[in-house]
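> have a look at this prediction, sequence included:
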Amino acid sequence: MSEGVIVNGPGPAVDGLRTTNSSNGPVMVLTTWVYKEGLIQAYCLPYLRIVSQFLKGEAIYLFTQEKQLPNAVELAKVNTELATWNIVWCPRSYTSFGWKKYTSTLTDLWSLWRFVNRKKIQRIHCFCTPAGMHGYLLSKLTGKELIIDSYEPHAESMVENGTWSKDSAAFKVLWHFEKKQSARARFCIQAATGMDEYAKKKYGVDIISAGVRPACTDVDRFQFDAVAAKKLRNAWQWEDKIVALYAGKFGGIYLDQEVFDLLKEAYDRWGDRLRVLLLTPSKLEEIVPFCEKAGLPTNIFHLTLAPHDEMPTYLSVADFALCPVKPVPSKRYCTPTKDGEY
């Protein structure tokens, strides 16, 4: 779906940011994502650009979590580009879960609380429930309106896919705050249908839903490009190859060894005609053990971490693509962005 047709005017999902019972004012958008990754570039920013049309010039402050903070030149460049939509990028440092996380949470809350008061923020808009933890606490401290966007299970999903255990502090903390933010939110914008029933069953909360807004893809940008595909295939000497593609990581919410076992089946069928394009932050040495266990040669793989604006070019090279999300029950409420882009 292109940006221009996600909404043609103020609708439920837009009214999540521009509620009718509050005066207009600046918005704080909290995420736990990296600015350059697809979740910001393809999922968050297109929506915020549309919403900015209905905020009468009020600023949208977009907070991300970065393992490496940008320098002043990069930050200024991005914010100059975003100024058209009155969006301001506010990068924060990322801290993994543990005792450092607890310490940094207190520091972050103090910093964000001061930001809310200094910028006269009127509502706090959180993408997914991990960001909603900070949002809930800020909303309680400041009395500002809370909106939970991309509302889907996270704590239970992490247990189902084996990343966390139900006895872990990470699960217990997030599960607690998923209940709290669900009850406090002025609106929850669901990522998929049925999330309202999930909240009632699991959290004991009747949420106020602003409707369902799944991950949308800008079809004006994600078009098959035969010229670009031919250029890359020629450069890699893949003119007559059958190309499989996967854009993403391995492990966590995604399968790992199973992906390579499936590709081995394809290799047994097509032999040296098969090539695999991996758009991933993983390095070749990280996938070698998977290849060895599956019995796959590594010379059929091409690994690169493409900027999101180059994704359509790389996708055009492929004949088929994979989305190896672990098939756990709570995933029925989620909406992978890569499916639409494929």
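That came in fine, so what should we check first?
> for the rest of this, base every contact and every neighbour count on C-alpha atoms.
Will do.
> how about stretch 273-281: buried residues?
Neighbour counts over stretch 273-281 (16 or more other CA atoms under 10 Å) mark 274, 275, 276, 277, 278, 279 as buried.
> can I get the helix or strand in which the fifth one is found as PDB, trimmed to CA atoms?
Right, the one you point to is residue 278. Applying DSSP states H and E as the criterion places residue 278 in strand 274-279. Provided in PDB are the C-alpha atoms of strand 274-279 (Å, rounded to 0.1, in the frame of the first residue of the first chain):
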ATOM      1  CA  LEU A 274      20.900 -22.000  -6.800                       C
ATOM      2  CA  ARG A 275      22.200 -18.700  -5.300                       C
ATOM      3  CA  VAL A 276      21.200 -17.200  -2.000                       C
ATOM      4  CA  LEU A 277      21.100 -13.400  -1.400                       C
ATOM      5  CA  LEU A 278      21.100 -12.600   2.400                       C
ATOM      6  CA  LEU A 279      20.400  -9.000   3.300                       C
END
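> just checking, what packs against that strand?
Under the contact definition 3 or more CA pairs under 8 Å, 6 or more residues apart in numbering; DSSP states H and E, strand 274-279 sits against strand 242-247, strand 301-304.
> distance of residue 282 from residue 246?
Per CA to CA, to the nearest Å, residue 282 is found 12 Å from residue 246.
> between the two, point out the one with more neighbours.
Neighbours were counted for residue 282 and for residue 246 using other CA atoms under 10 Å; residue 246 has more, 21 against 15.
> isn't the more buried one right up against residue 323?
Yes: applying CA atoms under 8 Å, one finds residue 246 in contact with residue 323, separated by 6.9 Å.
> next one, pLDDT for the residue lying closest to residue 325 once chain neighbours are set aside please.
Leaving out its chain neighbours, the residue that sits closest to residue 325 by CA to CA, 6 or more residues apart in numbering is residue 254, at 4.5 Å. Here, the pLDDT recorded for residue 254 equals 92.
> low-confidence regions, the stretch 201-342 of the chain specifically.
Across the stretch 201-342 of the chain, nothing is flagged by pLDDT under 70.
> average pLDDT for stretch 47-54, rounded please.
In this model, stretch 47-54 has a mean pLDDT of 93.
> begin at 52 from now on, thanks
Sounds good: first residue 52 from here, last item stretch 98-105.
> all strands of the stretch 152-301 of the chain, in order?
Along the stretch 152-301 of the chain, counting by DSSP state E, counting those that start in this stretch, strands occupy 174-178, 196-202, 238-241, 260-263, 293-298.
> residues near residue 254, how many?
Residues contacting residue 254 under the criterion other CA under 10 Å number 17.
> returning to what we had before: out of the strands of the stretch 152-301 of the chain, which is closest to residue 215?
Smallest distance to residue 215 across the strands of the stretch 152-301 of the chain (CA to CA): 19.9 Å, for strand 196-202.
> so what touches the closest one?
Defining contact as CA atoms under 8 Å, 6 or more residues apart in numbering, one finds that strand 196-202 is touched by 67-68, 173-180, 183, 186-187, 190, 232-233, 235-242, 246, 264-265.
> quick revisit: would you convert the strands of the stretch 152-301 of the chain into TSV that also reports distance to residue 163?
Listed next are the strands of the stretch 152-301 of the chain as TSV, based on distance: least, CA to CA, whole Å:
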stretch	distance to residue 163
strand 174-178	11
strand 196-202	14
strand 238-241	21
strand 260-263	26
strand 293-298	33
